[in-house]
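>>> Sequence and computational prediction follow.
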Amino acid sequence: MKKLFSKLARDESGATAIEYGLIAALISVALITGGNLLGQQIDTTFTNLSTKMQTKPLAD
């Protein structure tokens, strides 16, 4: 039983997997946040463009 606990204490593969999981989660949060901000900017740009197109008459 003592050997089992010492073997588990020395095994770091679980800790490494958790670290990789945390890194993946942080990258996901960053991508989602960036996507939302970019989406809002694109929405604002298209809204402004649509407004300008509706208010200006077409040139003949």
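Received the coordinates, thanks. Numbers count the residues shown, from 1 in each chain.
>>> can we go C-alpha only for contacts and neighbour counts from here?
Will do.
>>> do you know how far L31 is from A24?
Distance of L31 to A24, given as Cα to Cα, to the nearest Å: 11 Å.
>>> Could you do L4 as well?
L4 is 31 Å from A24, by Cα to Cα.
>>> These two: which is more packed in?
Ranked by neighbour count (other Cα atoms under 10 Å), L4 and A24 place A24 first, with 12 against 8.
>>> How about the backbone phi and psi for the more buried one?
The phi and psi values for A24, taken as degrees, to the nearest 10, are phi -60, psi -40.
>>> got the contact list for it?
Taking Cα atoms under 8 Å, 6 or more residues apart in numbering, we find A24 in contact with no residue.
>>> Show the pLDDT at it.
Predicted confidence (pLDDT) for A24: 95.
>>> Equivalent analysis for L31, please.
In this model, L31 carries a pLDDT of 96.
>>> could we number from 59 for the rest of this?
Renumbered: residue one is now 59, and that last one reads L89.
>>> count of residues packed around it?
Neighbour count of L89, defined by other Cα under 10 Å: 12.
>>> what do you get for I85?
So I85, with other Cα under 10 Å, has 12 neighbours.
>>> Next: S64.
Neighbour count for S64, taken as other Cα under 10 Å: 10.
>>> Poorly predicted segments of this protein, please.
The chain contains residues with pLDDT under 70 at 63, 66-67, 114-118.
>>> mind listing the helices for it?
60-68, 71-113 (DSSP state H).
>>> Deepest in the core, which of these is it.
Sort the helices of the chain by mean neighbour count, taking mean count of other Cα atoms under 10 Å, and helix 71-113 sits at the top with a mean of 12.
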